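**Q** with the sequence up front, the predicted model follows.
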4 protein chains.
Amino acid sequence: MGNRTGHIFHVSTFGESHGGALGAIVDGCPPGIELDLELMKRDLERRRPGQSDLTTQRKETDAVEVLSGLFDGITLGTPIALLVRNRDANPAAYEDFKDLYRPSHADYTTQKRYGIRNWQGGGRASARETVARVAAGSIARQVLQELAQIEIVAWVDQVGEIGSQCDPDTVTIHAVDKNPVRCPDAEAAVKMEALIRQVRSDADTIGGVIRCVARNVPPGLGDPVFDKLEADLAKALMSLPAAKGFESGLGFSSVGMRGSAHNDVFFNDQGQIRTRTNHSGGIQGGISNGMPVLVSVAFKPVATIFKPQETVDQAGESAQIKPRGRHDPCVLPRAVPMVEAGMALVLCDHLLRLRALRGDDFLKV
Amino acid sequence: MGNRTGHIFHVSTFGESHGGALGAIVDGCPPGIELDLELMKRDLERRRPGQSDLTTQRKETDAVEVLSGLFDGITLGTPIALLVRNRDANPAAYEDFKDLYRPSHADYTTQKRYGIRNWQGGGRASARETVARVAAGSIARQVLQELAQIEIVAWVDQVGEIGSQCDPDTVTIHAVDKNPVRCPDAEAAVKMEALIRQVRSDADTIGGVIRCVARNVPPGLGDPVFDKLEADLAKALMSLPAAKGFESGLGFSSVGMRGSAHNDVFFNDQGQIRTRTNHSGGIQGGISNGMPVLVSVAFKPVATIFKPQETVDQAGESAQIKPRGRHDPCVLPRAVPMVEAGMALVLCDHLLRLRALRGDDFLKV
Amino acid sequence: MGNRTGHIFHVSTFGESHGGALGAIVDGCPPGIELDLELMKRDLERRRPGQSDLTTQRKETDAVEVLSGLFDGITLGTPIALLVRNRDANPAAYEDFKDLYRPSHADYTTQKRYGIRNWQGGGRASARETVARVAAGSIARQVLQELAQIEIVAWVDQVGEIGSQCDPDTVTIHAVDKNPVRCPDAEAAVKMEALIRQVRSDADTIGGVIRCVARNVPPGLGDPVFDKLEADLAKALMSLPAAKGFESGLGFSSVGMRGSAHNDVFFNDQGQIRTRTNHSGGIQGGISNGMPVLVSVAFKPVATIFKPQETVDQAGESAQIKPRGRHDPCVLPRAVPMVEAGMALVLCDHLLRLRALRGDDFLKV
Amino acid sequence: MGNRTGHIFHVSTFGESHGGALGAIVDGCPPGIELDLELMKRDLERRRPGQSDLTTQRKETDAVEVLSGLFDGITLGTPIALLVRNRDANPAAYEDFKDLYRPSHADYTTQKRYGIRNWQGGGRASARETVARVAAGSIARQVLQELAQIEIVAWVDQVGEIGSQCDPDTVTIHAVDKNPVRCPDAEAAVKMEALIRQVRSDADTIGGVIRCVARNVPPGLGDPVFDKLEADLAKALMSLPAAKGFESGLGFSSVGMRGSAHNDVFFNDQGQIRTRTNHSGGIQGGISNGMPVLVSVAFKPVATIFKPQETVDQAGESAQIKPRGRHDPCVLPRAVPMVEAGMALVLCDHLLRLRALRGDDFLKV
């Protein structure tokens, strides 16, 4: 049941890492929107394996076929089916450890949940499934742009202990993509790249933090009490592979502050109500307030390392494992479009929810 | 649409802070379970305002009436309706600033979303709505106990900058409740209480961190790819008032680690497969692995401070506001049962999802 | 899970026939709508037991308390909770046959589904649960009136073998309510009443057919392929107690027709596209076409008869049963507002779905 | 939003009549079930156009590709994606009347709902979309067989005014498939075939009734009050193209009966509780009672006739239309597997719902 998301803008996905194909059905996309498949291609390119030496060397073109829902490039309001064939799956690489549980992978938990497991790759637990999210997210993104001129930008904010400086109000995708690590702070980016290469040469892996901003979000998005905007964003982003932490606005940093310092006071900025600070990350009471929506996601180091590790086999016997295969030493650069897609899917669903309740009035605020 | 949660164990809630009543309908509760209403009362007592001088002084007994779904104390499998009357609402306290937007409150965003707002208190944005979650969560908790002996304990781990030490494997509700701040580290608790009193006397507020553990969770809970266990937990807990951050396992701390240090290796512990460490917080690939499920939630300082602040009124004119009313200087002590309820609701729903897929086999693992 | 309905305009209900109370939470109602509680009272009055000698003599005022979601009579966009207390429950009447399965009742199936059963009345299987639907449906009806001037009228079209004549284009609630049997064909109504009294004096029961029309429905409502308008209407109305058949437009009568006779041809009626006939009942391809939406529902005779019948007890032993209690000899007169409520809930949900997809444009067609 | 169905056994479908492909994602299928793709092929063959001279002559092989969710033929518990390419689409046939609204088709309503329409065929309103339902339904059917030995058989019961006799307790798919019209009453079948050929040579179309039985359904399926078994069946079957009526058990025929004649009395049949009659169609109070589940669906005559008809064009101008293309003179023979698929999807979802509530106990009744 868990392979679908969204209440009105609804997405179902399918596909295993080393099966025949991956894809999605997008149901609930408003009709009459011209989709730019080149933009979808761009989003997929940014997620694609093998795009630089910082990522896994699996070679996938990730070309997407649109099977339905479009007529002359315009959305019909019917389901849009998206198909991406696996081209470079290599099940044989997994044969040696098909009976072993890779530490901190989903092998063991998958076996426990389903009683059966496709040992040829990570199945649905592989980051490969995100190709479907990114493709669907690209549609959401274009709907957001069309209906409300919302724009979404994510970037690598931290790798290991190396942080960076970036202004959420002005950062662009162009700036983010200037280096392969996708950190718009050029100085930090150099250090991050060096760290990732170091870690890779150590046969090890490293984690990091991605931040994401959505600008031009109208006030009123978010559906209390359970589907508050930050709740849905947290869910969308914590469902990404390797995500272990989520923050909205200042997040954990707000804990040490007094209310008098944290509160974002309102002022009238030439006819528009804005807040002087944006500690809340554009969300108050679970509803967007018109300021940039700003979140962070922590990714743990990739579980696949090329060092020997202790484990057990399916029979529960002690064993040693040293995985092979092609894996990212650091998932962060490729996770940037995944986070953007997650943000886009949530915002698009909430924009349509708001339109259901209020009609088009919300765009007039 | 956003006032419901859960796919199989489904909860709808209602009620405004200063309206007539709050409550919930729990639909999908398995039949044949003996509910202990005293346990529900205990959970509500721990959330109740006015329970100590660290909390708001609003006086509510929060007595719950069970309107349906039980027969001789046993669940019928029909909807269980829960009703809590407001006794000490005080709308008049809000009259003075009914046209003003309180900074970092939901006044402005509510107005923008709905085009109308009950200015008599925080409405659905008030923490008062959580009385319904806690009551429903108490049922979930008893179902978890009955079907799988799962137990859930949350505690205050940090207030402001004051941290604490606590062992998730052994902490008990009894230990948590030994002091009004609900931190089982007695030494830290003393400092936290002092800080909260200090902050209150400054007419200010302070945030903190709650951790929560679920023990005896069978492996296999979690529904990839969108309803991974940590995704659903993140959503449930990020929908609590004032929550701004979520972590599963080591969360943001995992960012600086190498994979070789972070990975939880498996071993056979007298016939049971366990991991030597639990950096993953009991969840791998979005599915529980049999180890304790461990999460953290960051709460920002309460928005209502009793100092003058800049703001605007509904017409957009500059104004000053100095709220009155009764508010918590620190929401943490009362948020402990809210976090437990959120965890219980998610786990219960996922336990039933797993039973749908696998029958009762999952309990035999 | 089955006690809720609607995707955007979402209703959860609760309550057993002989428990403490019944009610509903309406979540997703657009904000800013002035609710007329007198209209809700009227709808409930028409469903109320004891309203005439043709119905059960159970005495319930069915006064509804609105617990939340309104402010000065205006919807807030927050959940609207509705509460109706049982006043005249009489569990003792069921004591004699608490171990027996009443034929064609839900006693046996409830026991099998839940493993437990409240024998004090029909529980959720009693038509008493529909008080919650009618109350919620009254809100839907007012939203439909406010947003699109849609009006809904149902009437008793047939009782036993006695049919009637009624013009769906012009029938009014006023005309329907002119006699206690709720058939606007006065001549037929007299015969129907006589039949119901005859059947009652025979300690027996009788079924019938209700028709329902919705006028002024804009074209475009209905969500293919699974949530076609007639599919959702069928579900809503087949979930009413004792409903065993559903027709849209000509229904089963269309079977014997040629396509050339059945097709509703289009013409331009002074600037508005209409069809010359309405065999389709206002729905084509599962989407409303602007003509009156017209459906029929068949209700079987009430299962509770006051004659001795063969049955078995919970142990499976043969037994005889002769129920007591207060029951309708014919459910039809009271089912009229239930059918209207079912229609209203579906149309309201679909109106909001359409608004999510198209904004307010759809009202301009 | 309307292109998905099922709560636990969840199916999303996509694809237009004359687009590139159709298909489905089945999410929530229990793991560990061996799927027989030959059975799926058989179900698709029975739905396939061009299978006899009684159906449309469009030539499609309807070969299905399984893109995910299986490993060595066993379900993984992950989404099963199904793909069927269109091979014989012929958009040019629609060019002549691309601006005209075909009477009783979905052309006009589609245009009104979406503001855009793919005029190349019926799009989602074409019966072609049911290829996805039948493929997904075949999986449901195999799950039902595996978990509870449930078997489902549908047949053509009436064409035009020609009825038939068939025993629901014993009818088999083999008997149904003995003639191209799919009526197991051989004598009636001959007349039906003659009628269909007559109608076709008149350039006209005709409707009919399909009945469907599910045998060996355990008691306890159905989820009151909104998701009663007959409510969900009604929805599933009324969402089929051209369906205009639904009956459970005696349906509209029960209207003229007294309760004393209609009631199904219980008796102990060698240790098993059964009813002496099955007027209820195996469902009481919306829950299966262990007797065969029996429903009927009325299909109107196909809207596409090859006679000239009055209509309007998109500008609202009067026009005449005489469609070309390839269409069924009578949809009934091909609708048999569609009805079976609809029944299978509902029962499978409800079987898993019951397992969620009760574990595996329900199979022990």
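**A** Perfect, I can see it now.
**Q** pretty sure residue A:344 is touching residue A:151, no?
**A** No. Residue A:344 is beyond contact range of residue A:151, at 10.0 Å (criterion: Cβ atoms under 8 Å). Placement of C-beta: from N, CA and C, glycine included.
**Q** overlap in contacts, these two.
**A** Taking Cβ atoms under 8 Å, 6 or more residues apart in numbering or on different chains as the criterion, residue A:344 and residue A:151 both touch residue A:144.
**Q** so for the helix ranked longest in chain A, mean pLDDT?
**A** Longest helix in chain A, counting residues (DSSP state H): helix A:332-358. If you average the pLDDT over helix A:332-358, you get 97.
**Q** now stretch A:305-312
**A** So the average pLDDT for stretch A:305-312 ends up being 94.
**Q** and that stretch, how far out from the chain middle?
**A** Averaged C-alpha coordinates place stretch A:305-312 at 28 Å from its chain's average position (Cα atoms, centre = their mean, to the nearest Å).
**Q** for residue A:287, give the beta-bridge partners.
**A** residue A:284 (DSSP bridges).
**Q** quick one: it from residue B:110, how far?
**A** 7 Å (Cβ to Cβ, to the nearest Å).
**Q** sorry, back to before: the more surrounded of residue A:344 and residue A:151?
**A** residue A:344 (31 against 18; other Cβ atoms under 10 Å in any protein chain shown).
**Q** which residues sit in contact with that one?
**A** Residues near residue A:344 by Cβ under 8 Å, 6+ apart: A:137-138, A:140-141, A:144, A:152.
**Q** could the residues you listed be laid out in TSV, adding secondary structure and distance to residue A:176?
**A** Listed next are those as TSV, based on DSSP: H, G, I helix; E, B strand; the rest coil; distance: Cβ to Cβ, whole Å:
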residue	secondary structure	distance to residue A:176
A:137	helix	16
A:138	helix	16
A:140	helix	19
A:141	helix	15
A:144	helix	18
A:152	strand	11
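**Q** buried subset of these?
**A** A:137-138, A:140-141, A:144, A:152 (16 or more other Cβ atoms under 10 Å in any protein chain shown).
**Q** surely residue A:57 meets residue A:50?
**A** Yes. Between residue A:57 and residue A:50 there is a contact at 5.6 Å, judged by Cβ under 8 Å.
**Q** okay, those two: which has more neighbours?
**A** residue A:50 (15 against 11).
**Q** could you dump stretch A:128-148 to CSV, C-alpha only?
**A** Only the C-alpha atoms of stretch A:128-148 are listed here, as CSV (Å, rounded to 0.1, in the frame of the first residue of the first chain):
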residue,chain,number,x,y,z
ARG,A,128,17.2,3.6,-8.0
GLU,A,129,13.5,3.8,-7.2
THR,A,130,13.8,7.6,-6.9
VAL,A,131,14.0,7.8,-10.7
ALA,A,132,10.2,7.5,-10.6
ARG,A,133,9.8,10.2,-8.0
VAL,A,134,12.0,12.6,-9.8
ALA,A,135,10.1,12.1,-13.1
ALA,A,136,6.8,12.6,-11.3
GLY,A,137,8.2,15.4,-9.3
SER,A,138,9.2,17.2,-12.5
ILE,A,139,5.5,17.2,-13.5
ALA,A,140,4.6,18.6,-10.1
ARG,A,141,7.2,21.3,-10.5
GLN,A,142,5.8,22.4,-13.8
VAL,A,143,2.3,22.5,-12.4
LEU,A,144,3.5,24.7,-9.5
GLN,A,145,5.3,27.0,-11.9
GLU,A,146,2.2,27.2,-14.2
LEU,A,147,-0.4,27.8,-11.5
ALA,A,148,1.6,29.9,-9.0
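**Q** list the buried residues of that stretch.
**A** Under 16+ other Cβ under 10 Å, the buried positions of stretch A:128-148 are A:128-145, A:147-148.
**Q** tell me if that stretch is near chain B.
**A** Yes. For stretch A:128-148 and chain B, the contact criterion (Cβ under 8 Å from any Cβ of the partner chain) is met by residue A:129.
**Q** closest to residue A:81 out of the buried ones among the contacts of residue A:344?
**A** Residue A:81 lies nearest to residue A:138 out of those, by Cβ to Cβ, at 14.3 Å.
**Q** for chain A, which spans come out with low pLDDT?
**A** Scanning chain A for pLDDT under 70 picks out A:362-365.
**Q** and it, which of its residues are near chain C?
**A** A:7-8, A:28, A:30-31, A:77, A:352-353, A:355-361.
**Q** could you list which of these also contact chain B?
**A** Among these, chain B is touched by A:7, A:353, A:357-358, A:361 when using Cβ under 8 Å from any Cβ.
**Q** where's the spatially most distant residue from the centre of chain A relative to chain B, distance?
**A** What lies farthest from the middle of chain A is residue A:317; by Cα atoms, centre = their mean that is 36.5 Å. Distance from residue A:317 to chain B, counting by Cβ to the nearest Cβ, to the nearest Å: 7 Å.
**Q** mind listing what that residue touches?
**A** Residues near residue A:317 by Cβ under 8 Å, 6+ apart: residue B:268.
**Q** can you check residue A:113 too?
**A** With the criterion set at Cβ under 8 Å, 6+ apart, residue A:113 makes contact with B:219-222, B:287, B:354, B:357-358, B:362, D:77.
**Q** need the three-state assignment for it.
**A** The three-state assignment at residue A:113 reads helix, by DSSP: H, G, I helix; E, B strand; the rest coil.
**Q** report how many residues lie close to residue A:313.
**A** 16.
**Q** and for residue A:293?
**A** By other Cβ under 10 Å, neighbour count at residue A:293 equals 31.
**Q** about what we covered before: between residue A:287 and residue B:110, tell me which one has more neighbours.
**A** residue B:110 (30 against 27).
**Q** tell me who's in contact with the residue lying closest to that one once chain neighbours are set aside.
**A** Computed as Cβ to Cβ, 6 or more residues apart in numbering or on different chains, the closest residue to residue B:110 that is not its neighbour in sequence is residue B:117, at 4.8 Å. Contacts here follow Cβ under 8 Å, 6+ apart; on that basis residue B:117 touches B:107, B:110-111, B:123, C:76.
**Q** just the ones in helices from the residues you listed, please.
**A** Using DSSP H, those in helices are B:107, B:110-111.
**Q** CA atoms of stretch A:168-177 as CSV?
**A** What follows is stretch A:168-177, C-alpha atoms only, in CSV (Å, rounded to 0.1, in the frame of the first residue of the first chain):
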residue,chain,number,x,y,z
PRO,A,168,18.1,30.7,0.2
ASP,A,169,16.5,33.8,-1.0
THR,A,170,18.7,34.0,-4.1
VAL,A,171,20.2,30.6,-4.8
THR,A,172,19.5,29.2,-8.3
ILE,A,173,19.7,25.8,-9.9
HIS,A,174,22.3,27.2,-12.2
ALA,A,175,24.5,28.1,-9.2
VAL,A,176,24.0,24.7,-7.6
ASP,A,177,25.0,22.9,-10.7
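**Q** quickly check: that stretch near chain B or not.
**A** No. Using Cβ under 8 Å from any Cβ, stretch A:168-177 stays clear of chain B, with a minimum separation of 16.0 Å.
**Q** how far out from the middle of the chain is that stretch?
**A** For stretch A:168-177, the distance to the chain centre is 17 Å (Cα atoms, centre = their mean).
**Q** buried stuff in it?
**A** A:168, A:171, A:173, A:175-177.
**Q** ok, of the residues of chain A next to chain C, which one's closest to residue A:269?
**A** residue A:361 (21.9 Å).
**Q** which ones are touching the closest one?
**A** Residue A:361 touches B:115, C:360, counting by Cβ under 8 Å, 6+ apart.
**Q** mind doing that once more with 10 Å?
**A** By Cβ atoms under 10 Å, 6 or more residues apart in numbering or on different chains, the contact list for residue A:361 reads A:220, A:354-355, B:115, C:32, C:359-360.
**Q** can you confirm it is in a strand?
**A** No. Assessed with three-state DSSP, residue A:361 is helix; it does not lie in a strand.
**Q** contact partners for the closest residue to chain C within the stretch 101-250 of chain A?
**A** Nearest to chain C, among the residues of the stretch 101-250 of chain A, is residue A:224, at 8.1 Å (Cβ to the nearest Cβ). Shown in contact with residue A:224 (Cβ under 10 Å, 6+ apart): A:231, A:285-287, B:2-3, B:106, B:109-110, B:113, B:123-125, B:129, B:239, B:241, C:77-78.
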